[in-house]
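S.K.: sequence and computational prediction follow.
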Amino acid sequence: MCGTCGCAAGPVLTLLTPGERSHHDHDHEHHDHEHHDHDAPAAGRTVVLQQKVLAKNDEIAVANRRWLADRGILAVNLMSSPGSGKTTLLERTARELAGELPVAVIEGDQETALDAERIQAAGSRVVQINTGTGCHLDAAMVAHALRDLEPPPRSIVVIENVGNLVCPALFDLGEAARVVLASVTEGADKPRKYPHMFRHADLVLLNKTDLLPYVEFDPQRYADELRQVSPGALLLELSATTGDGVLPWYDWLRAGALAHA
Ligand SMILES: Nc1nc2c(ncn2[C@@H]2O[C@H](COP(=O)(O)OP(=O)(O)OP(=O)(O)O)[C@@H](O)[C@H]2O)c(=O)[nH]1
Ligand SMILES: [Mg+2]
């Protein structure tokens with residue numbers, strides 16, 4: 001997992017509410033996340049530490065899940081490669097479900113509050129987590145963010161994880177569902193090359209279908225590749241930019257929200 005990728009510094013959280021000015025020079029609150037196996041002298045010790053980190057994470061994830069269930073909130077862990085279109089889809093979702101279903105967002109990025117500013121402009125409550133050198137969110141970060149975000153009961157919280165297809169797959173955040181967003185510019189081979197990410201996905205969204213005329217990408221091959229890794233995952237095709245195909249995504253969110261309310 002993160003033994004060599006630099007998940008060392010603590011995260012920084014910024015709450016942006018609709019209409020509020022961005023203040024990204026926020027409190028540099030550091031939390032203890034015990035990620036750090038960089039000093040481990042031997043492989044055996046590294047493995048033990050990794051197991052401890054994951055066990056601790058799982059404990060906090062269980063608490064997050066209970067906190068969310070107590071409030072009837074549907075939490076979705078949204079993961080993808082950098083630039084697949086997570087924030088673009090959430091901007092559209094926030095706008096188009098406004099007034100029907102409140103969608104609050106937790107944004108995970110190494111640096112900047114750029115994504116939080118976009119979600120804020122789309123009218124949703126949002127907390128930005130900056131992970132520094134870290135390549136994924138963990139349950140403790142999400143626990144802090146949920147307290148800052150204060151999502152209303154019976155709402156939806158989407159957690160936009162740090163963009164990559166590797167480490168985010170390992171960390172349970174306490175979500176009710178895992179959604180992987182892929183885009184047609186990434187190639188059809190990604191499910192088999194990054195099986196851990198796709199294996200536990202409840203839903204896979206194939207984005208940027210408006211670009212299909214311009215890229216070499218076979219949606220049928222993609223569906224077949226996904227089936228090999230994750231036979232149970234639902235696959236929906238859409239374009240976050242044009243809005244084509246987004247209605248089944250909204251129906252999926254509505255059904256999930258209803259089931260968790
Ligand atoms: N053509 C096309 N472009 C898209 C679509 N969705 C997103 N984009 C573009 O893809 C780029 C990245 O989109 P983002 O929404 O920032 O992607 P992201 O997954 O949030 O990126 P990170 O947070 O950096 O991981 C932007 O230039 C978007 O305009 C789509 O459906 N079609
Ligand atoms: Mg983003």
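M.R.: The structure has been received and is ready for your questions. Ligands and ions are numbered 1, 2, ... in the order given.
S.K.: got the residues of the stretch 101-250 of the chain near ligand 2?
M.R.: Applying C-beta under 5 Å from the ion, we find that the stretch 101-250 of the chain lies next to ligand 2 at residue 115. Using the backbone N, CA and C atoms, a C-beta is placed for each residue, glycine as well.
S.K.: residues in contact with the closest residue to ligand 1 within the stretch 101-250 of the chain?
M.R.: At 2.7 Å from ligand 1, residue 163 is the closest residue in the stretch 101-250 of the chain, using C-beta to the nearest ligand atom. For residue 163, the contact set (C-beta atoms under 8 Å, 6 or more residues apart in numbering) comprises 80-84, 86, 109.
S.K.: residues touching the residue nearest to residue 125 when sequence neighbours are not counted, list them.
M.R.: Using C-beta to C-beta, 6 or more residues apart in numbering and skipping the chain neighbours, the partner closest in space to residue 125 is residue 104 (4.3 Å). Going by C-beta under 8 Å, 6+ apart, residue 104 touches 124-126, 149, 151-152, 155-158.
S.K.: please, which helix or strand holds the residue of the stretch 101-250 of the chain closest to ligand 1?
M.R.: Using DSSP states H and E, residue 163 falls within no helix or strand.
S.K.: so how far is residue 232 from it?
M.R.: 25 Å (C-beta to C-beta, to the nearest Å).
S.K.: try residue 147
M.R.: Distance, residue 147 to residue 232, by C-beta to C-beta: 33 Å.
S.K.: residues near the residue of the stretch 1-150 of the chain found nearest ligand 1, how many?
M.R.: Per C-beta to the nearest ligand atom, the residue of the stretch 1-150 of the chain with the smallest distance to ligand 1 is residue 85, at 3.0 Å. Residue 85 has 22 neighbouring residues, counting by other C-beta atoms under 10 Å.
S.K.: how much space separates residue 261 from residue 128?
M.R.: For residue 261, the distance to residue 128 - C-beta to C-beta - is 27 Å.
S.K.: cool, residue 233 as well?
M.R.: 29 Å.
S.K.: more crowded one of these two?
M.R.: residue 128 (30 against 19).
S.K.: ok, back up a step: so for residue 147 and residue 232, which sits in the more crowded spot?
M.R.: Shown here are residue 147 and residue 232; by other C-beta under 10 Å, residue 147 has more neighbours (12 against 9).
S.K.: all set, thanks.
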